[in-house]
Each structure stands twice: as C-alpha cells, then as structure tokens.
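Engineer: Here is my input; please provide its structure:
(chains A, B, C and D)
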2 protein chains.
Amino acid sequence: MAVVPKPEAPSPPGPTFVPLYQQVRDILVHRIASGAWRPGSPLPSEPRLAAELNVSLGTVRKALDELVSGRLVVRQQGRGTFVAEQTPDSALFHFFRVVDAAGERVIPTHRELHRACGPATEEEVARLALAPGSEVLRLRRLRAAGGRTALLEHISIATALVPGLADHEGALPNTLYDLYQQQFGLTIRRASETLRAAAADPETADLLGLDAGTPVLQIDRVAYGFEDQPIEWRVSLLDTRHFAYANEIE
Amino acid sequence: MAVVPKPEAPSPPGPTFVPLYQQVRDILVHRIASGAWRPGSPLPSEPRLAAELNVSLGTVRKALDELVSGRLVVRQQGRGTFVAEQTPDSALFHFFRVVDAAGERVIPTHRELHRACGPATEEEVARLALAPGSEVLRLRRLRAAGGRTALLEHISIATALVPGLADHEGALPNTLYDLYQQQFGLTIRRASETLRAAAADPETADLLGLDAGTPVLQIDRVAYGFEDQPIEWRVSLLDTRHFAYANEIE
DNA sequence: GGCTCCAAGTCATCTATAAGACATATGATA
DNA sequence: TATCATATGTCTTATAGATGACTTGGAGCC
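Structural biologist: Residues are numbered from 1 along each chain as shown, chains lettered A, B, ... in the order given. Sure thing, here's the model as predicted:
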C-alpha cells in the first residue's frame, strides 16, 4: 500500500500528518464513489483488506467504522460488509419528513403531473451548478397521504445526469433517489434545505385544493452526491393545514 | 467493576448480551446525567477509568467514542476528556437554524416582551408531560438580526424546573439552554420540531412588522433532557420574507 | 427428500502493548 | 525575574492476537 507514515517511518514532522486509518478510509470511499464496488455488493473481508492495504485489522476496522457512520456501507455480522444501497423505504425515511396532523410519519402516494426537458433557467443554473444553457429535466408531482393531497413537488435535474429518464415509459418510482442510484450511479449523500412560509399562488392552490393565498410551507432542497456536487433541485409546497414538516435535532 | 461478561466468563447464552463497552458507556452516562461530574469538569484519565472499571483501555476508549459522538463529552489531546458544556455559541449554532435572505447564518439579538407565571394550559400539560395544574413560566421574546425583526418566540417551561428564574433581575441571556445547564443542571440533549406555515394573527403581525395574514413560519419545538424528559416548549414565528429556516440532512 | 449438525468464513468484542502528538507544569539557567 | 528545556500526563494512532456471535453451506444421517 502506498500509505505513507508507517509507525516505523513516522511522517515528516511537518504540518501534514494524515492518520493511516483516514488514508484507508479515503481509499475505500474513492473505490465506492468511482463505482468499482457497486451498491449492494460486498466489500472484501476485513482481514483481506488489511492484507491488501498492508495495515492492521484494527486500522481497517476504524476506517470502516467511519464509512458506517457516514452510511456508505452496512456491516452484517457473520455475512460481510456491503456498499449501502438506497431503498425506497430508506430514502423515504431519511429524506421525506412529512407528518400528518397527529404527528405520525406519512407514507405518500404520488401522481406525475408533468415531465419535460428544457434549457435551464438562471435559478436552476445557480442551484445545480450547471453551465448556462444546459438542458434540465423537469418533473412535477402531486403527493397525497391518507386520501388527502399533501404536497406539490417541482423537480429539476440535469438531463445529462439521467439519460433516457425523460422518455421513460410508465410511472416513475415513488422515490427517485434510489432510481438515481440504481439506474444512473448517482448516490444522494446529503441534502440542504431552506424552508419558508409562502402564500399559495392560484395554480398551486388549485392543485392542493386550497384557496389562493393560503399559507403553504415551501421546502427548497438541493440534493448532493458523493463529490458534494449538486444533483437535484426540488421545491415542495406542503399543505400545513393537514400536514407538517418534522425535524429532529440531535 | 460489576461488569458482567468478562470474555473469560461469557454472558449467559440467552438473549441478553450487553457488550462491556456499552456497560461502561452507560455507567459514564449515568455519572454525567446524575451530576456527579459537572459540565466543564474533566473526567478521570482513560487509564484511570480502565483501572477503576477493571476493563482494558480500548474498551474505555470505545465507550468514550460513543459519548463523544453523542456530544456528552469533549476530548482534548494532551489535556483530558471533559463533560460537554453548553456555550452560547454552541447552543446557537446547534439549535438556532435561521438564515438571512442570502442564506447566511444569522446571529440574533433578543428583546424580552413578557415574563409571567401561571397555571399550565392543556397544551402545555401535554407538551411538557406535566401534572395538570402545574405552574409554568412563560416568556415572550422578539429576536432581530441585521437590524430587522426576525422572529417572535413563545417559551414555556415548568416553574419547578427553573426556581427563581421568574424573578431574575435584568436581562436573560441570548441563549437560554446554557443558562438551564449552568444554573439549573438541565442539559438539553435533543429537540423535536414541527414546522408549519401559518397566517400571522394581528398581534404577531404587529410585533413582526407585517400585515396581518402574512404567511409566517411556525416552528414548534420541544426540547428534551438527559432522561429524554421534556424540558421546554417553544413556538417561534419567523418572518420568512427576509429570513428562512435552514436544515441540513446528512 | 428432508433434516440435523458441523465447519468455515465473517464481523464483533476485548485485551495488551508501544510509540507519537500535544498541553502543561517544573525546574534550571541566564 | 524571565526564559527555555525538560518531564509528565494526557489523548491518538497503530499493531497483534484471542475469543465470541452470527451466517451460510455442505456433509452426513434418517
């Protein structure tokens, strides 16, 4: 392994010391991010990795510990360590924070209203860090839960990232994030949201079954991938007469 | 140490096996929660703890690792390990998620409008798990940032938890959570929030400098302590014309 | 065929040891 | 007295080895 500072040959006492286990972690992250190990597939066993990278088992385990807490891999005692896989459930659980009036988490349905490609607007260029004039795929969906319309989603994603999705036949899945991962190798690692209260414009109000001007919760979210590159921009408008946005601060 | 399953005497093969490091962690948590070690004070050194608890250094370290990730303690290389201390900055950074129009985090000022005690309302009883008829202290504050009024806070906390606070002379600090910890031994460990869009009622609108009926973001938060007991209930109304609520989903 | 049991492979836990990095206190020296 | 080198105590990193827990697959048996 090209890891530099073996304890026998300590690192240059200069300002650059990177612990072995972090170097190992970065190597593993890179292999996952580059797609060398696909989601769901097993990593080599810990002893094998230790031998390959020429470090001790404990060091590999410490590196893997960090990947686990970053939700990049999943360990299963007796089976092995696997690249984390986005599932509809996990994606919903993690990113969909809508609860009903009773405060219970909600499992939404969805209905596609609109799908089309077009040149990116100025705002899309900014949010998604696109080159001006890039083409984006836009999606509009209406989500309901418990028989009641809950929210309206406006989704934008660079067409180049999801080739063929624009012409996809039939319904798209309820959660797009696992589709991105499985079909296009795009793993959503984190999301940045900005929430505001806004008055529903007539069209939104109509779709949500509200009077125009009713306050709705506007959730503006950019989802980022492995290299922290923006992947998808989504603005959701939530009817907070019957639903709410729940957030846990640990 | 009373820790049960030393590796030489493995645990009963029944369904109850608790790893040593978790037992150690629980012991340490209890000592901190009970106030035996106060915020800011140093824990015994790792070797000392290992000797006292009759486990290896690695096991103590693994237990401490969990306390660190739970933000109960802070480690400082060369100095020691200390019980985490709520500071105004850390509390603001962690719990105050308001950003300005440019998306920059905001450092708010505050002005107290109202402070009084009274019997708990039905809603306060429910949110704070109080006995009916308990007395609560209510606080109303107006926060501003960048010279602009940002949000109105309604705070409720059981009077019994903060004896004397009702008659506190002079201004209360900008962040109450560190006051709770330092004055009353109440450490806020997590908070549960529910967000909705609502139309500003006339009084709120007046205080925030809005027209009545303007949509505002209503942030309903219950803050919990060590034993996961509710400590404080707070409803904040945010003017999202000039500010927003920022949330990062990792 | 279906079942049990065992063995191998894997992660999980625990111990022991050593040396590096960092902060602070101590004491010698000028 | 002031400063600097040293010593000490702390967390940090890294290694090695042993044992336990869990899963899987296959051999052997009925």
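
Engineer: ok but A:F82 is inside a strand, no?
Structural biologist: Yes: counting by DSSP: H, G, I helix; E, B strand; the rest coil, A:F82 falls inside a strand.

Engineer: Pull the contacting residues for it.
Structural biologist: A:G40, A:S41, A:P42, A:L43, A:V73, A:V74, A:R75, A:Q76 (CB atoms under 8 Å, 6 or more residues apart in numbering or on different chains). (C-beta placed from N, C-alpha, C; glycine too.)

Engineer: so what's it bridging to?
Structural biologist: Counting by DSSP bridges, A:F82 is bridged to A:P42, A:V74.

Engineer: Where does pLDDT dip in chain A?
Structural biologist: Chain A contains residues with pLDDT under 70 at A:1-16.

Engineer: dump the residue contacts of the residue sitting nearest the centre point of it.
Structural biologist: Against the mean C-alpha coordinate of chain A, by CA atoms, centre = their mean, the closest residue is A:I188 at 2.4 Å. By CB under 8 Å, 6+ apart, the contact set of A:I188 is A:Q86, A:A91, A:F95, A:Y177, A:Y180, A:Q181, A:A223, A:Y224, A:G225, A:I231, A:E232.

Engineer: Which helix or which strand is home to it?
Structural biologist: Assigned by DSSP states H and E, A:I188 belongs to no helix or strand.

Engineer: And it, how far from A:F95?
Structural biologist: Per CB to CB, to the nearest Å, A:I188 is found 8 Å from A:F95.

Engineer: who touches both of the two?
Structural biologist: Contact criterion CB under 8 Å, 6+ apart; residues shared by A:I188 and A:F95: A:Y177, A:A223.

Engineer: Tell me the residues on chain A that lie near DNA strand C, please.
Structural biologist: By CB under 7 Å from any atom of the strand, the part of chain A that sits against DNA strand C consists of A:7, A:10-11, A:13, A:17, A:43, A:45-48, A:58, A:61, A:64, A:75-81.

Engineer: So which of these belong to strands?
Structural biologist: Among the residues of chain A next to DNA strand C, DSSP state E puts A:R75, A:Q76, A:G80, A:T81 in strands.

Engineer: so how many other residues sit close to A:E123?
Structural biologist: 11 (other CB atoms under 10 Å in any protein chain shown).

Engineer: ok, and what's touching the one helix or strand it maps to?
Structural biologist: When elements are assigned from DSSP H and E, A:E123 belongs to helix A:122-128. Under the contact criterion CB under 8 Å, 6+ apart, helix A:122-128 has outside partners A:120, A:130-132, A:134, A:136, A:156-158, A:222, A:230-233.

Engineer: quick one: which of these has the most company?
Structural biologist: For the contacts of helix A:122-128, neighbours were counted by other CB under 10 Å; the highest total belongs to A:E232, with 26 neighbours.

Engineer: one step back: nearest to A:A171, of the ones in strands among the residues of chain A next to DNA strand C?
Structural biologist: Proximity of these to A:A171 (CB to CB) peaks at A:Q76, which lies at 32.3 Å.

Engineer: For that closest one, give me its contacts.
Structural biologist: So A:Q76 contacts A:F82 (CB under 8 Å, 6+ apart).

Engineer: again, but for A:C117
Structural biologist: Residues near A:C117 by CB under 8 Å, 6+ apart: A:E135, A:V136, A:L137, A:R138, A:T159, A:A166.

Engineer: Against DNA strand C, how distant is it?
Structural biologist: Noted for A:C117: a distance of 43 Å to DNA strand C, by CB to the nearest atom of the strand, to the nearest Å.

Engineer: Confirm that residue sits in a helix?
Structural biologist: No: secondary structure of A:C117 (three-state DSSP): strand, not part of a helix.

Engineer: so which of the contacts of helix A:122-128 also contact DNA strand D?
Structural biologist: Of these, not one also sits near DNA strand D (CB under 7 Å from any atom of the strand).

Engineer: if you look at the residues you listed, which of them are in strands?
Structural biologist: Cross-referencing these against strands under DSSP E gives A:V136, A:S156, A:I157, A:A158, A:V222, A:P230, A:I231, A:E232, A:W233.

Engineer: and of those, the nearest to B:V99?
Structural biologist: A:V222 (14.0 Å).

Engineer: my guess is the closest one meets A:Q229, correct?
Structural biologist: No: look at A:V222 against A:Q229 with CB atoms under 8 Å: they stay out of range, at 10.4 Å.

Engineer: List the contacts of the residue lying closest to A:R31 once chain neighbours are set aside.
Structural biologist: In space, and not counting its chain neighbours, A:R31 is closest to A:W37: 5.6 Å by CB to CB, 6 or more residues apart in numbering or on different chains. Residues near A:W37 by CB under 8 Å, 6+ apart: A:R31, A:L43, A:V83.

Engineer: what's the neighbour count on the second one?
Structural biologist: A:L43 is flanked by 20 other residues according to other CB under 10 Å.

Engineer: What is the nearest of the contacts of A:F82 to DNA strand D?
Structural biologist: Nearest to DNA strand D out of the contacts of A:F82 is A:Q76 (CB to the nearest atom of the strand; 6.3 Å).

Engineer: Please tell me how far the closest one sits from A:V24.
Structural biologist: According to CB to CB, A:Q76 and A:V24 sit 20 Å apart.

Engineer: For A:L67, which residues are in contact?
Structural biologist: With CB under 8 Å, 6+ apart, A:L67 has these contacts: A:R25, A:L28, A:V29, A:I32, A:V73.

Engineer: Now for the second one: which residues touch it?
Structural biologist: By that I understand A:L28. Contacts for A:L28 (CB under 8 Å, 6+ apart) come out as A:L43, A:L49, A:A63, A:L64, A:L67, A:V73.

Engineer: tell me which element it falls in.
Structural biologist: Using DSSP H and E, A:L28 sits within helix A:20-33.

Engineer: Domain-wise, how is chain A divided?
Structural biologist: Here the domain assignment for chain A is A:20-83, A:88-245, based on automatic domain parsing.

Engineer: could you dump the ones you listed to a markdown table with distance to B:D211?
Structural biologist: Formatted as a markdown table, the domains of chain A follow (distance: least, CB to CB, whole Å):
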| stretch | distance to B:D211 |
| --- | --- |
| domain A:20-83 | 44 |
| domain A:88-245 | 11 |
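
Engineer: now for those domains, which one comes closest to B:R241?
Structural biologist: If you check each of these against B:R241 by CB to CB, domain A:88-245 wins as the nearest, at 8.4 Å.

Engineer: how long is that closest one from one end to the other?
Structural biologist: One end of domain A:88-245 sits 19 Å from the other (CA to CA, to the nearest Å).

Engineer: next one: stretch A:219-234
Structural biologist: One end of stretch A:219-234 sits 8 Å from the other (CA to CA).

Engineer: again with stretch A:178-193
Structural biologist: The stretch stretch A:178-193 measures 19 Å between its terminal residues, going by CA to CA.
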